[in-house]
Each structure stands twice: as C-alpha cells, then as structure tokens.
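Student: give me a model of this one.
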Amino acid sequence: MIDRYRLREAIVSTLCVLATVVVLMSGTAAVATAEDASKIVGVENIAERRDIVHVYSASMDRDITVDIFRAKHPGAPTVYLLNGAAGGDGGSSWFDQTDIVGFFGDKNVNVVVPRGGAASYYTDWLHDDPVLGRNKWSTFLGIELPPLMDAELGGNGVNSIAGISMAGTSVLQLAIAHPSVYRSVAAYSGCARTSDPVGAMYVRSVVEARGGGSTMNMWGPPGSAAWVDNDPYVNAEGLRGIEIYISAGTGAPGPFDVPGGPGIGSDYSKLAQQVAVGAVIEATTDACSHQMQQRLQELDIPATYNFRPNGTHSWAYWQEDLHDSWSVIAPSLGLPTGPS
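Tutor: Next comes the predicted model:
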C-alpha cells in the first residue's frame, strides 16, 4: 500500500522544485530555489478527518496556519472558506462558530480554512505594514496554496471559495483575479465596492480603525489604481462564467438576535452589541450587495441572491447562508447537493 504521507512529500517536493518565483532585488531578477518555495512544513492531526496544516508562504516569507477537514475519499474538490476581519483568531473562525464539520461530514469535499490575514482584505499589499506586516494573500490563496492543498488532500483541482464580512469582498476579488482556480464564489454580508466613497470608508474602517494598519500601504491613496483594480463592482465582468452567490440581511433584528441566541446565551451586553453595531454593518453590506446585484444584471451575468428581510452581521446567519449556497456551490464542483 502506498504511504499517503510519503506520496504527499514526493508531490510537494516536486512542486517546490518546479516552482520558480521571480523577485526583484536591487534591480536584479533572482530565481527562487526549492528551499525558498512555498511548501507544507507540518501537519497536526486533531480529530478524524481534521488536521492543522502549517504552510510556508514564499510571497509572505512566513508560515500560515490552515485548518482542514478532509473529504471522505481522495480525488474530491475543495471549498475554501475565508474568515472575516479577525482572520479567524480569538475563536472567530468557521470551525469555531459554525457546524461545518457536521454539514460537510456526509459530503465528499475538502474544506480549507486559512487562519491569519486580520484586516488585510486577503489582498496583495503594495508595501509591508508596520502593524499588519507583509500581506500577499491573493498570491497565497490563488497561486501558492491550491496546489499544496491538492497534494496534501488528494484534491482534484476543482475549487470554490466563500467568505464572510471583509472576506465577502475578498472572495469576489480573488475569483476575478484567479478565474481558473475557483469555479464558484459565495459572498456572505460583504461590500462588493471598494473604490467609491462609501466602499472606501468601509475598507478604512476595517483596515485602519479595527486593524490599526494603513490603507496607504495596502492600495495607496484612495481612488488610485490599486483601489479600482481591487473593486469587484468595477471589475464585475471578470466574474462571467463563475457561479455566484450573494447574501445579506437588512440589519433589523432577526430570529437569532434574541436572548439565548447562538453565540449570545445570557450575555445581554453581547446581544446589545449585535443588535446595535451588527445592525449598522449589515445594513451597509446589504446596500452594497444590492448595488452588486444591479451591476451584474446590467452585465447580464447570472447570480443567485439571498436578501434576508432581517438579520444582523453575525455568524448564525452566515451558517444559514452557507447551507443555502450549497445548492450553487455543489453543482459547480460536480457534486450533488445532498450526501455524496
């Protein structure tokens, strides 16, 4: 019998040898060696079909932690789930806050959830930031990570990507930037606009007010080329041919915004924050999502929309959105919408 881990090491080593990364150093182009290339540097098994994988990113020159849930059988597609502004830290992750292990347990699909990237918009920054460091997430998620995950998980190279809040913007950007990598994209409570005044204000509130970083290091001055280049609304044509799902609530209190609700329990201060702050954020993303709907319709690009009549910016609604979007994601991956 073939040893899966030795097979993985052989495949990853081959990928590393073949990978060439060109970097400009003092005006001279240098070709990276196998030691410089992105690679898996460690795997920790924590439960049945559940591993923590440590991946060295050449573009960011650091290790990235990736939580995975393996498919039942090899040769399966992969769903990438991105966390919000906290980057999955502090218990704010898909694995911490939702039922993804149970939901995907009877489905033959790999689930990959990268950690890190807090307040980064999962994009390639123009400059290193003194607070948020080096961020080259588009390179990592679109180029470096997928072949490594396919080698580790026995994946078939067919992928989908979904994300919440900040990442609800990012996944649209990533699908446009890497159309051959992702066959479908699901944006839950994201703001598809980045370069208009409202969208730019929302971006600054995440990167600067919450993350302590500088949008000047991310995309330069507001309105400059990088802001426009990373605006899914402006570049929506790039989504043609990709299956799309977009969801948002109105911000009005919904069925999960009650005492004893998911993640609330008897903590009335948390409930108050969810109803107050979460309502304002969700109302903003709702407006952005409706604008994206109009834009896609103008371009005659089909998409599935789930505009809930209520609901705040919180995990219980995103779990429901994931379940609902599976009817869009599964066919794009060649899977049935039920057990597989």
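
Student: tell me the spacing between residue 69 and residue 185.
Tutor: 20 Å (Cβ to Cβ, to the nearest Å). For every residue, glycine as well, the C-beta is placed using N, CA and C.

Student: when the two are compared, which one has more neighbours?
Tutor: When neighbours are counted by other Cβ atoms under 10 Å, residue 185 comes out ahead of the other of residue 69 and residue 185, with 30 against 24.

Student: what sits against the more buried one?
Tutor: If you count contacts by Cβ atoms under 8 Å, 6 or more residues apart in numbering, residue 185 has them with 160-162, 171-172, 174-175, 239, 242-245.

Student: just the closest of those to residue 138, please.
Tutor: Residue 138 lies nearest to residue 174 out of the contacts of residue 185, by Cβ to Cβ, at 6.2 Å.

Student: what helix or strand is that closest one located in?
Tutor: According to DSSP states H and E, residue 174 maps onto helix 166-177.

Student: what of residue 51?
Tutor: strand 50-57.

Student: ok, now residue 66?
Tutor: Under the criterion of DSSP H and E, residue 66 resides in strand 62-69.

Student: what's the average pLDDT for the helix or strand that comes right after that strand?
Tutor: Following strand 62-69 in sequence order, the next helix or strand is strand 78-82 (DSSP H and E). Mean per-residue pLDDT for strand 78-82: 98.

Student: what's strand 78-82 packed up against?
Tutor: Other helices and strands packing on strand 78-82, by 3 or more Cβ pairs under 8 Å, 6 or more residues apart in numbering; DSSP states H and E, are strand 110-114, helix 145-153, strand 159-164, helix 166-177.

Student: which of the ones you listed sits closest to residue 210?
Tutor: With Cβ to Cβ as the measure, helix 166-177 is the member of the helices and strands packed on strand 78-82 nearest residue 210 (9.1 Å).

Student: how about that closest one, which residues are buried there?
Tutor: Using 16 or more other Cβ atoms under 10 Å as the test for burial, helix 166-177 gives 166-177.

Student: okay, now the unreliable bits of the protein?
Tutor: The model of the chain has pLDDT under 70 over residues 1-35.

Student: strands of that one, start to end?
Tutor: For the chain, the strands defined by DSSP state E cover 22-25, 28-31, 39-47, 50-57, 62-69, 78-82, 110-114, 159-164, 182-188, 243-248, 304-307.

Student: from residue 175, how far out is the nearest residue to residue 150 once chain neighbours are set aside?
Tutor: Excluding its sequence neighbours, the residue lying closest to residue 150 (Cβ to Cβ, 6 or more residues apart in numbering) is residue 157, at 5.7 Å. Remark: distance between residue 157 and residue 175 (Cβ to Cβ) = 16 Å.
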